[in-house]
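Undergrad: Turn this into a model:
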Amino acid sequence: MQKFKFTFGILLLIGGIFLILGGLYKSYLIFTAQADPPEVFQYQKTPTTNEILNKQSFPQREVPFSPQEMQEQIQNIVQEQLQTLIPSDTIPKILNLIAWSIFMGILFFGAGKIAGLGVRLMK
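TA: This is a model prediction of the structure:
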């Protein structure tokens, strides 16, 4: 029975170490941009005002714009400028990296407990 505990303890220790090393390797690939993190959060690409205007043709107006139309134009311009400043996929990418980091923290904690159990069984 003692030999079985020792062998099982070694298997648990090796399994815990492999879980930690596998998680570290996958995290290294993700944070060096050689692999993409799992997509927990997704984003939908919204067309820009220029894309919408290019698809539709509007007659040229020579009459001055109304205040509401001017406000819409200003909002569209500001929205386009913000999209060039902060791309729309930035926030979901950051959230995916945070989710991956949390998952890896849980994995490392669990793998550490498994390896610790293996060490205790080997004694």
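
Undergrad: what's the domain layout of this structure?
TA: 1-43+90-123, 44-56+67-88 (automatic domain parsing).

Undergrad: What lies in contact with stretch 8-17?
TA: Where contact means CB atoms under 8 Å, 6 or more residues apart in numbering, the residues beyond stretch 8-17 that reach it are 111-123. Where you see a C-beta, it was placed from the backbone N, CA and C, and this is true even at glycine.

Undergrad: Could you identify the buried members of those residues?
TA: Members of the contacts of stretch 8-17 that pass the buried threshold by neighbour count (16 or more other CB atoms under 10 Å) are listed as 111, 114-115, 118, 121.

Undergrad: hey, which helix or strand in the chain has the poorest pLDDT?
TA: Sorted by mean pLDDT, DSSP states H and E, the helices and strands of the chain end with helix 49-55, the least confident at a mean of 58.

Undergrad: before we move on, the earlier item: from the domains of the chain, which stretch is densest packed?
TA: domain 1-43+90-123 (a mean of 14; mean count of other CB atoms under 10 Å).

Undergrad: which residues of the chain score low on pLDDT?
TA: 45-65 (pLDDT under 70).

Undergrad: picking that back up, and the next helix or strand past the least confident helix or strand of the chain?
TA: The element immediately downstream of helix 49-55 (helix or strand, assigned by DSSP states H and E) is helix 67-85.

Undergrad: Run the chain-centre distance for the strand or helix carrying residue 105.
TA: Counting by DSSP H and E, the element that carries residue 105 is helix 90-122. The chain centroid and the centroid of helix 90-122 are separated by 16 Å, computed with CA atoms, centre = their mean, to the nearest Å.

Undergrad: Which neighbouring elements make contact with that helix?
TA: Under the contact criterion of 3 or more CB pairs under 8 Å, 6 or more residues apart in numbering; DSSP states H and E, the helices and strands touching helix 90-122 comprise helix 2-31.
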